[in-house]
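1. Quick one, structure for this:
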Amino acid sequence: MHADTKISGTPELFPDHVEMAAEVLRLLSDATRIRLVLALHRDEELPVNALAEAVDRKPAAVSQHLAKMRMARMVTTRHEGTRVLYRLTDEHAVTLVLEAIRQAEHSAGPGQPLRHTHAPRD
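-> Predicted coordinates for the structure are as follows:
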């Protein structure tokens, strides 16, 4: 068994799973998509315009993000008349986002805003 295919306490991973996990993390590396996941977690099912308002972006931009998330099977849709309602496929994306936020808070340290934790870039 290869060391990189076994994580303590979890079943054996196939190499493709690592690549797929990297794709999921890349998809969630966008702040707008993180906000969309959180908005859908809060409200469960929303149309594009409500999501655009929730994340303070234009509906066209939100539609593009949702299309990528839909292709990755992170969100699904339901038609209600002429409206398309979006919802998370499952809670996995929320779990990843919340853990990333916890890691960001941990990295910032107690009482220290995250934006002050990094050295200025040249």
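2. I figured V84 was touching L46, is that so?
-> No: between V84 and L46 there is no contact under Cβ atoms under 8 Å: 10.1 Å. C-betas here are computed from N, CA, C, even on glycine.
3. Between these two, which is the more surrounded one?
-> L46 (19 against 13; other Cβ atoms under 10 Å).
4. What separation do you get for the more buried one and F14?
-> As judged by Cβ to Cβ, to the nearest Å, L46 and F14 stand 35 Å apart.
5. Then N49?
-> N49 is 40 Å from F14, by Cβ to Cβ.
6. element containing R73, please.
-> Using DSSP states H and E, R73 sits in no helix or strand.
7. cool, L85 as well?
-> strand 83-88.
8. Partner strands of that strand, with direction?
-> Strand 83-88 pairs in its sheet with strand 46-47 (antiparallel), strand 75-80 (antiparallel), by DSSP bridges.
9. mind listing what's buried in that strand?
-> 85-86, 88 (16 or more other Cβ atoms under 10 Å).
10. Mind putting those into JSON lines with distance to D30 and pLDDT?
-> Below are those laid out as JSON lines (distance: Cβ to Cβ, whole Å; pLDDT from 0 to 100):
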{"residue": "L85", "distance to D30": "22", "pLDDT": "98"}
{"residue": "Y86", "distance to D30": "16", "pLDDT": "98"}
{"residue": "L88", "distance to D30": "16", "pLDDT": "97"}
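11. of all those, which comes closest to T32?
-> Sorting the buried residues of strand 83-88 by how near they are to T32, with Cβ to Cβ, puts Y86 at the top with 13.6 Å.
12. Please name the bridge partners of the closest residue to the closest one other than its chain neighbours.
-> With Cβ to Cβ, 6 or more residues apart in numbering as the criterion, Y86 has its nearest non-adjacent residue at 5.1 Å, and that residue is V75. V75 has these beta-bridge partners by DSSP bridges: L88.
13. residues in contact with V75?
-> By Cβ atoms under 8 Å, 6 or more residues apart in numbering, the contact set of V75 is 36, 40, 66, 69, 86-89.
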